[in-house]
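Student: 3D, please:
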Amino acid sequence: MIKVGITGGIGSGKSTVCDVFRKLGIYVYVADERAKVLMNTDFQVKEKLISRFGQSIYSDNQLDRKLFAGVIFKDIKALEFVNSVVHPAVAIDFQKWSDEHKGEPYVLEEAALLFESGANKTMDKMITVYAPVDLRIKRAILRDGSTAALIKQRMDNQVADEEKVKYSDFVIYNDEKQSVIEQVMKLHNIFLSSNK
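Tutor: All right, here's what the predicted structure looks like:
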């Protein structure tokens, strides 16, 4: 089985690309969604977060996401601490999930921070979904109801897309000019044939 990492900056369209892979019957592990689950269910993760930020970040045994985001996106040290706790837990969770799907020709792990977390080193192949910055900001505003300033702040905490492209095996251009479906089909066939 081939493990394929798929990344890209905020608003690049990773989820859209992954939906196309899903329609082809490919299993996709969404690291950001699993991280949210682990912050609510993994005892060690919760214990570390509470010891650093206090019990008030949890309400009714669930992470208060709005309060939490307000803390970590204003303080780079707090964000680094959270990443140092959550990324290893996600890596273990992904490995267990991969083992459950080992009969598949390939699986995908979708994560905004694959390079930042070092998870790219555990992948057989890397894909970056690329879109121009202005288009990414427009998409993120529409999706999250956020402001351009807040989105740019989040972008500043991510490795630049140009760097991700440089270290990726493949790039999918989601710029509304090229067909995402055609690009996904091409990669799908490459991954299937390289697994024979």
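
Student: top helix in the protein by residue count?
Tutor: With secondary structure taken from DSSP state H, the chain has its longest helix at helix 76-100.

Student: Phe191: what's it in contact with?
Tutor: 2, 4, 105-106, 125 (Cβ atoms under 8 Å, 6 or more residues apart in numbering). In short, each C-beta sits where N, CA and C put it, glycine included.

Student: same question for the longest helix of the chain, mean pLDDT?
Tutor: Per-region confidence: helix 76-100 scores 94 on mean pLDDT.

Student: and the contacts of Phe191, which two are furthest apart?
Tutor: Pro105 and Lys125 (12.4 Å; Cβ to Cβ).

Student: joint contacts of these two?
Tutor: 2, 191.

Student: more neighbours, these two?
Tutor: Lys125 (19 against 15; other Cβ atoms under 10 Å).

Student: quick one on the thing from earlier: quick one: the longest helix of the chain to chain centroid distance?
Tutor: 11 Å (Cα atoms, centre = their mean, to the nearest Å).

Student: try stretch 108-124
Tutor: Counting by Cα atoms, centre = their mean, stretch 108-124 comes out at 8 Å from the chain centroid.

Student: how about stretch 136-153?
Tutor: 17 Å.

Student: likewise for stretch 179-194?
Tutor: 20 Å.

Student: what do you get for stretch 134-143?
Tutor: 17 Å.

Student: hmm, who's touching it?
Tutor: 9-13, 131, 146-148, 151-152, 155, 175-176.

Student: good, we can wrap up now.
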